[in-house]
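**Student:** Build me a model from this:
(6 chains)
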There are 6 protein chains.
Amino acid sequence: MKIAVINPNTTSSMTATIADAARRVANDTTTIEAITSSMGPVSIEGYYDEALALPGLLLEIARAERNGAVAAVIACFDDTGLDAARALADIPVLGICEAALSAASFIAQRITVVTTMERSRLPLEHLVHRYGMAGRVKVRAADIPVLSLDDPQSNARDRLRNEIATALREDKTEAIVLGCAGMADLTLDLRREFGVPVIDGVAAAVKQAESLVALGLSTAKRGAYAAPVHKPYIGALEAFAPATIGVA
Amino acid sequence: MKIAVINPNTTSSMTATIADAARRVANDTTTIEAITSSMGPVSIEGYYDEALALPGLLLEIARAERNGAVAAVIACFDDTGLDAARALADIPVLGICEAALSAASFIAQRITVVTTMERSRLPLEHLVHRYGMAGRVKVRAADIPVLSLDDPQSNARDRLRNEIATALREDKTEAIVLGCAGMADLTLDLRREFGVPVIDGVAAAVKQAESLVALGLSTAKRGAYAAPVHKPYIGALEAFAPATIGVA
Amino acid sequence: MKIAVINPNTTSSMTATIADAARRVANDTTTIEAITSSMGPVSIEGYYDEALALPGLLLEIARAERNGAVAAVIACFDDTGLDAARALADIPVLGICEAALSAASFIAQRITVVTTMERSRLPLEHLVHRYGMAGRVKVRAADIPVLSLDDPQSNARDRLRNEIATALREDKTEAIVLGCAGMADLTLDLRREFGVPVIDGVAAAVKQAESLVALGLSTAKRGAYAAPVHKPYIGALEAFAPATIGVA
Amino acid sequence: MKIAVINPNTTSSMTATIADAARRVANDTTTIEAITSSMGPVSIEGYYDEALALPGLLLEIARAERNGAVAAVIACFDDTGLDAARALADIPVLGICEAALSAASFIAQRITVVTTMERSRLPLEHLVHRYGMAGRVKVRAADIPVLSLDDPQSNARDRLRNEIATALREDKTEAIVLGCAGMADLTLDLRREFGVPVIDGVAAAVKQAESLVALGLSTAKRGAYAAPVHKPYIGALEAFAPATIGVA
Amino acid sequence: MKIAVINPNTTSSMTATIADAARRVANDTTTIEAITSSMGPVSIEGYYDEALALPGLLLEIARAERNGAVAAVIACFDDTGLDAARALADIPVLGICEAALSAASFIAQRITVVTTMERSRLPLEHLVHRYGMAGRVKVRAADIPVLSLDDPQSNARDRLRNEIATALREDKTEAIVLGCAGMADLTLDLRREFGVPVIDGVAAAVKQAESLVALGLSTAKRGAYAAPVHKPYIGALEAFAPATIGVA
Amino acid sequence: MKIAVINPNTTSSMTATIADAARRVANDTTTIEAITSSMGPVSIEGYYDEALALPGLLLEIARAERNGAVAAVIACFDDTGLDAARALADIPVLGICEAALSAASFIAQRITVVTTMERSRLPLEHLVHRYGMAGRVKVRAADIPVLSLDDPQSNARDRLRNEIATALREDKTEAIVLGCAGMADLTLDLRREFGVPVIDGVAAAVKQAESLVALGLSTAKRGAYAAPVHKPYIGALEAFAPATIGVA
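**Tutor:** Just a heads-up that it's a prediction; the model follows:
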């Protein structure tokens, strides 16, 4: 069972962190194929980066399906391109925000997401709302650039810890969700440090992907996620025309 | 990895159906322990039956945890006693309604639950609301007694099929959730018949339980699910006092 | 006109407090029958206690109806077992949380509930939500065990006063609802002390019960509250089978 | 205990219907003072009539309080002027829509309001929403002028009956609320005819008023319902200046 | 193109402020007719003043339409009488609260309204809710009487500035809406001072009115805003009968 | 005053229809610059097309701002890329769905959007929800491909008319919003035919853009719409790096 875990930004060190988190929890019979997008922003911070991450992401979704992946995970906490990927692919596609919130919903009533930049807070609140968790999830930003999480000089991880401590004190929260794929390697340490459930979306999405496959379930194709209509695509994006990218 | 799947009604033929559905999707390394409640109603149809199913259910939750289960599934679509079970146990506890809706949420935007009796429709709508899916899930009742599902003389399964057909035609629904544990054995047939995703909560909950265990997650204990306070229980329910039933 | 006021925990001193609050406001023509549950927890603090209070409560609901009560009040602020009691009985059944919130809704736009333990806060928020008051009611916990309210050594009543003072200062609240039946005797003192409406649910529910009887209204029986279906109940709970407990 | 029941339209035959409904359920110790507004529309059908009913209504609220009423009921199902009346008066003021919906909420989960004119449907839906019952109440209009209810030549009462029959069949509703004060005399007949709870707001509001008085509760005055600020009123409405109309 | 901008209170100095704000943004081809109500309160502070402002306002709405205005603006932030005015008139009628919130919705995700008196806060929250912005708008009151805004002796404008500064610091708000027509002259100064979008509803409503006229749109008349039914109006309000005030 | 109206699909005949609709309502002092995207799908039907329309759209947004446009309109009813465009540009950016719904909100309480393909219905329902109009707007699909609107052989316009007729009959709707930019030329005919307000989003957005400019308002830049962070963009999308595309 091959699951494609796609990092929709173009920074391969972050893909390595994501791959580790995915492999740590995958079943023995699961192969994790970790993929870095070949075009677009080096990190996704806000709406503009998100928009330009889409072509690279969708290309990898199509390629992964063609190459035999039975499910795909989009490893960016904004769930960038999730709807488009579900329309494009026949295999199930998981977002790490929705997977993390879903896992949290089974073990806690009040949950806090701690993300990186303030500008990502409102987009995540929209996701929380769409996933039906508006009454029970609070989103906090530690005000740290995404790539600083990997920079040993930065104080990013300290600021993240501080924000979690504040959440536990002020939100009466019961569980913490890490709001960025680049935080995945911190999960176990933070659980130990704070003594509460700490949830990483990459791991949650991999388990959810395995579950859907075991259940024999894939994306419903009779409504919002119907396969793209065949039509010409013009100019620099010609290769993305449904027939060209591989829609049957 | 032992997962307890508890049928909170007292009808063991229904436990057999549930056990089959659980085992069909469980990992090779998972042992399914299927348990029938030792006291209470023979089927759960409405609020009163639900209330009287609780003592038997909670007894089995405590026993299962004591006996080494790493997770428990409550195999009644009303998610009977789920909050109490989470407060009682340290291991994760899953409801089949919430697990089914969660699985459906990853593959469809519009979902219809088809349940048995009209009197269960509103309680299920309350669950749908609480699980944050009120805008995307419709609940329908096929108007069939729970135990008639197993009765070859009854037309229960035909009525269920009719209700699904109506849902597909009128709700523009994209996926069907089976709203009773006793329907679990119909899942594959109904998928074949209707050509849309059909989701059984027993199977979904077993996979969710395996996932939470693999992720190292269990119920948060600092808020609504804090362990029961030690105190006397009086009269016929003395044995349920937290210290007696086994709360540390 | 006999109204049964049932304390679903097994502590009779608390029943006495409840009976006093009920009698203080009842019409001259009303007889208050105050009843202590014969089995279950000595106080209800969280989901587990709530679940085990149900059999004792439902037994008394059935008995009260048989003995000629024209309405019943469940005197626990969690509205424990309210739905099951309504399905079981033909007479109207009131919860003290819903009755208190309803009374408050006629005299104030912003309301604060002050309850006992933190673990009861989220269950009460779910009730507030279900009763349609999520936008206008805040729930606070004074962090005091239920039975400490009656203990002259404890500082429970001071902590309650402090929480009310905080609510008035920070929530811009207009009225206070006492979130535990055991606080009923404090109502008048707190009104005098704080100069705002302070509402006790026991009194509110008794008046609501009298009103429904005077209006000739009882629980609707054609939907969610349809009478329990006749069926066997097994094992230790055999006596709760609908036919045995007295469902016609 | 004198309760003022104010008909905010200027048709005294409708006041008589209202007075009957009020007296039928009032306690022996309650005096119902039924009052017809002295100025404004002869019936309230839509937003414009509602606006022009306010001065006459508020005048009677002030007068009733001055004359010793301990509570007031506004007997129009649009709850016309309820907020302004609560700000003006120190005694509790009840609307018949909110009182009817509150009574219904204790006995049924799904409720249908049947009102007169289509143009009143949306204003009532706004009330239903504000009172927190949007998920459980449907509003239907029988498309009949308000005053036709009293006209033996019209088929208004037949159309009302038809709309109730439709509601029971199509809404799976459990209880009916009569959406106009002018329907109050039909309550008992409709209950008998349809065999479900039928609720008239005038009666419900009178009982709610008695209850609030018995509970010692009146409108909270520290927030939205603070007493009007003293200030000049100009021109034809000079007499409504707070000091002149009687605000202390 | 003549647009009537109606100040529903009776203070003409405030009308002058409003007229200036309206003319500053109007198209060259637009004539602003600024009108002071001839009867009612000198300022609108809470529900009671609002109710008594209606007759004067509706008279001016009818007169403005008769005199050739192609649209009308109600220049009070409570959107006093907006529904009744829309039912009465054929021309479009705009409220300044809804127009300001609409303008803000196109340029910001999180918005804070700063109004005058605490007693206006909850009525404005109800408007925010009705206009669908409950999740993204916070209402704050600077605790200043409306007419103090024009009083050079008062510290009203300093308190307003303080409240805006607090909103920017604590709400993470992105834009400020001025919650009183009497603040309109401060808009440009506050923008300069705080460096964020500051929105005045009078100006916003005038532009919205011009837009609707250019789009050829007027109030829909087949539902909630159907023209008032012809009928007698009694007593002091006789002149407001639909036929008399000018409903065709 | 130059307003850029950008057709995010690559079909220039549709741009012509859009330009006509924009110019018909623009002020005399406004210049409409109608722009066809240079890359991507020939029509936008569902999530996949939407995602691939983003690069071409954002390129034109940046170019239009550089070329002196004072506002931009995205002329696709899915409001494709609206958030990213607002983050990218300093000038105000309008979506035609939000502009149409906003215009409708000032003249009607119940509104129906009639769009083209069924697969666009759910994405539009998400927009309706996000814009706070979920309670008052229904979305219907006429089941017609976008480009068929321009095809004289197709029966697309008849199906559109049929769907509007159904909406008026069944939804008790008060106003119609045309749910596709390609329907803009039908607005006046449909108003005449059905006698209710019919709203085209292109025209509505142009007027809204003019209004924001006249009000001196532009996108708030301190929260969700903060300018993109400078960073490298990799591979085929290098030219979209914030510094390259022109972010200051």
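
**Student:** switch to C-alpha atoms for all contacts and neighbour counts from now on
**Tutor:** OK.

**Student:** Show me which residues of chain A sit near chain B.
**Tutor:** Residues of chain A lying close to chain B by C-alpha under 8 Å from any C-alpha of the partner chain are A:25, A:92-94, A:102-103, A:106-109, A:131-133, A:172-175, A:196-197, A:203-204, A:207-208, A:211-212, A:214-215, A:217-225.

**Student:** Quick check: the gap between A:Glu238 and chain E.
**Tutor:** To chain E, A:Glu238 is 33 Å away according to C-alpha to the nearest C-alpha, to the nearest Å.

**Student:** Make sure I have this right: that residue is in a strand.
**Tutor:** No - assigned with DSSP: H, G, I helix; E, B strand; the rest coil, A:Glu238 falls outside any strand and is helix.

**Student:** C:Ala220 versus that one, what's the distance?
**Tutor:** Taking C-alpha to C-alpha, to the nearest Å as the measure, A:Glu238 falls 63 Å from C:Ala220.

**Student:** what does A:Leu215 give?
**Tutor:** Per C-alpha to C-alpha, A:Leu215 is found 41 Å from C:Ala220.

**Student:** neighbour count winner among those two?
**Tutor:** A side-by-side neighbour count of A:Leu215 and C:Ala220, using other C-alpha atoms under 10 Å in any protein chain shown, places C:Ala220 first with 28 against 19.

**Student:** tell me the secondary structure for that one?
**Tutor:** coil.

**Student:** just A:Ala108 next, same as before
**Tutor:** coil.

**Student:** Identify the residues contacting it.
**Tutor:** Taking C-alpha atoms under 8 Å, 6 or more residues apart in numbering or on different chains, we find A:Ala108 in contact with A:Glu174, A:Ala175, B:Thr219, B:Ala220, B:Ala224, B:Tyr225.

**Student:** Need the worst-confidence member of these.
**Tutor:** On pLDDT alone, B:Ala224 ranks lowest of these, at 95.

**Student:** How much space separates the closest residue to that residue other than its chain neighbours from chain F?
**Tutor:** Nearest non-adjacent residue to B:Ala224, counting by C-alpha to C-alpha, 6 or more residues apart in numbering or on different chains: C:Arg119, 4.7 Å away. C:Arg119 is 33 Å from chain F, where distance means C-alpha to the nearest C-alpha.

**Student:** My guess is C:Arg119 contacts C:Tyr48. True?
**Tutor:** No - counting by C-alpha atoms under 8 Å, C:Arg119 does not reach C:Tyr48; the two are 10.9 Å apart.

**Student:** who has more neighbours, those two?
**Tutor:** Each of C:Arg119 and C:Tyr48 has its neighbours counted (other C-alpha under 10 Å); C:Tyr48 has more, 28 against 23.

**Student:** tell me which element A:Ser13 is part of?
**Tutor:** Element membership of A:Ser13 [criterion: DSSP states H and E] is helix A:12-25.

**Student:** Which of the residues in that helix are classified as buried?
**Tutor:** Within helix A:12-25, the residues that count as buried by 16 or more other C-alpha atoms under 10 Å in any protein chain shown are A:Ser12, A:Met14, A:Thr15, A:Ala16, A:Thr17, A:Ile18, A:Ala19, A:Asp20, A:Ala21, A:Ala22, A:Arg23, A:Val25.

**Student:** Give the bridge partners for A:Asp200, please.
**Tutor:** According to DSSP bridges, the partner residues bridging A:Asp200 are A:Leu178.

**Student:** Return the per-residue confidence for it.
**Tutor:** 98.

**Student:** Can you give me the distance of it to chain D?
**Tutor:** Distance, A:Asp200 to chain D, using C-alpha to the nearest C-alpha: 35 Å.

**Student:** and that residue, what does it touch?
**Tutor:** So A:Asp200 contacts A:Ala100, A:Val177, A:Leu178, A:Gly179, A:Ala181, A:Met183, A:Ala184, A:Thr187 (C-alpha under 8 Å, 6+ apart).

**Student:** quick one: it and B:Ile245, what's the gap?
**Tutor:** A:Asp200 is 34 Å from B:Ile245, by C-alpha to C-alpha.

**Student:** residues touching A:Leu59, list them.
**Tutor:** If you count contacts by C-alpha under 8 Å, 6+ apart, A:Leu59 has them with A:Phe240, A:Ile245.

**Student:** tell me the SS of it?
**Tutor:** helix.

**Student:** Pop the domain breakdown of chain A in here.
**Tutor:** Split into domains by automatic domain parsing, chain A comes to A:2-96+A:203-245, A:98-201.

**Student:** Next, format those as TSV and append distance to E:Gly68.
**Tutor:** What follows is the domains of chain A, written out as TSV (distance: least, C-alpha to C-alpha, whole Å):
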stretch	distance to E:Gly68
domain A:2-96+A:203-245	47
domain A:98-201	45
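
**Student:** ok, and which of those domains has the densest surroundings?
**Tutor:** Mean neighbours per residue, mean count of other C-alpha atoms under 10 Å in any protein chain shown, is largest over these for domain A:2-96+A:203-245, with a mean of 22.

**Student:** gap between the two ends of it?
**Tutor:** Domain A:2-96+A:203-245: ends 21 Å apart by C-alpha to C-alpha.

**Student:** now stretch A:38-45
**Tutor:** With C-alpha to C-alpha as the measure, stretch A:38-45 spans 18 Å from end to end.

**Student:** quick check: mean pLDDT across that stretch?
**Tutor:** Computed over stretch A:38-45, the mean pLDDT rounds to 97.

**Student:** could you pull out the helices for chain A?
**Tutor:** Applying DSSP state H to chain A gives helices spanning A:12-25, A:47-66, A:82-88, A:96-105, A:118-130, A:156-170, A:187-194, A:201-215, A:242-245.

**Student:** now the longest one against helix A:118-130, angle please.
**Tutor:** Read it as helix A:47-66. Angle, helix A:47-66 to helix A:118-130, by axes from the mean of the first three to the mean of the last three C-alpha atoms, to 10 degrees: 60 degrees.

**Student:** related to what we said a few turns ago, same list (the contacts of A:Asp200) but as CSV, adding pLDDT and distance to B:Leu82.
**Tutor:** Formatted as CSV, the contacts of A:Asp200 follow (pLDDT from 0 to 100; distance: C-alpha to C-alpha, whole Å):
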residue, pLDDT, distance to B:Leu82
A:Ala100, 98, 21
A:Val177, 98, 22
A:Leu178, 98, 26
A:Gly179, 97, 28
A:Ala181, 95, 31
A:Met183, 95, 32
A:Ala184, 93, 30
A:Thr187, 97, 27
